[in-house]
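Enquirer: build me a model from this:
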Amino acid sequence: MSADTTPSTGAHEAAALRSSGFSREARIGDIPYEVRGRNLPLGFEITVHDPNWQARTHLVRGEVSAIHPYIKHDGEIAYTRVSHSHSEPENQHLTQIALSTEILPIGDPYSEEKGVRELMMETLLAEAEKRGWTVTASGILNVATLEWLETSGYAARLS
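Expert: Numbers count the residues shown, from 1 in each chain. Model prediction:
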């Protein structure tokens, strides 16, 4: 997986993005993705997007609400969030890892979740290192997510 920083926004939007987060292109195999990071009031969020989502909305399966992340958030197919307390902003707690690829047809490259969680976790860990954060999985309540963290080796890489 390689990630290149290639802003695709205007000068004003690029300045705002730098102050609050980032946007970069990444690839998993031959499939392009856009990875975005942004500050939240008490945390940070990383999202992964289909960069060609507008041209692909005709592929969406069934009746999909306009609030589905793929439609509402510019082709968002996955996100992860960390949060912290006011008193300890350097101690981040992983609270969510979610995928929203179920609306795409089976066999579509963006419906195959291969590598997307790993891309998010590698991005999160790099951002944590850059910012001097520790990250724990203490905010994760979903058993399947905890099991994935353990079997993928990420649990050992968290504080």
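Enquirer: only C-alpha atoms for contact and neighbour calcs from this point on.
Expert: Will do.
Enquirer: for the spatially most central residue of the chain, phi and psi?
Expert: Centroid-nearest residue in the chain: T47, 2.8 Å away (criterion: C-alpha atoms, centre = their mean). Backbone torsions of T47, given as degrees, to the nearest 10, read phi -120, psi 150.
Enquirer: please apply the same query to the one 4 residues further on.
Expert: Backbone torsions of P51, given as degrees, to the nearest 10, read phi -70, psi -20.
Enquirer: when you give positions from now on, start the count at 747
Expert: Sure thing, new numbering starts at 747, so read that last one as P797.
Enquirer: mind listing what's buried along stretch 847-864?
Expert: T847, I849, L850, Y856, S857, V862, R863, E864 (16 or more other C-alpha atoms under 10 Å).
Enquirer: max pairwise distance over the residues you listed: which two?
Expert: Greatest spatial distance among the buried residues of stretch 847-864 (C-alpha to C-alpha): I849 and E864, at 20.9 Å.
Enquirer: so among the buried residues of stretch 847-864, where is pLDDT lowest?
Expert: The lowest pLDDT within these belongs to I849, with 81.
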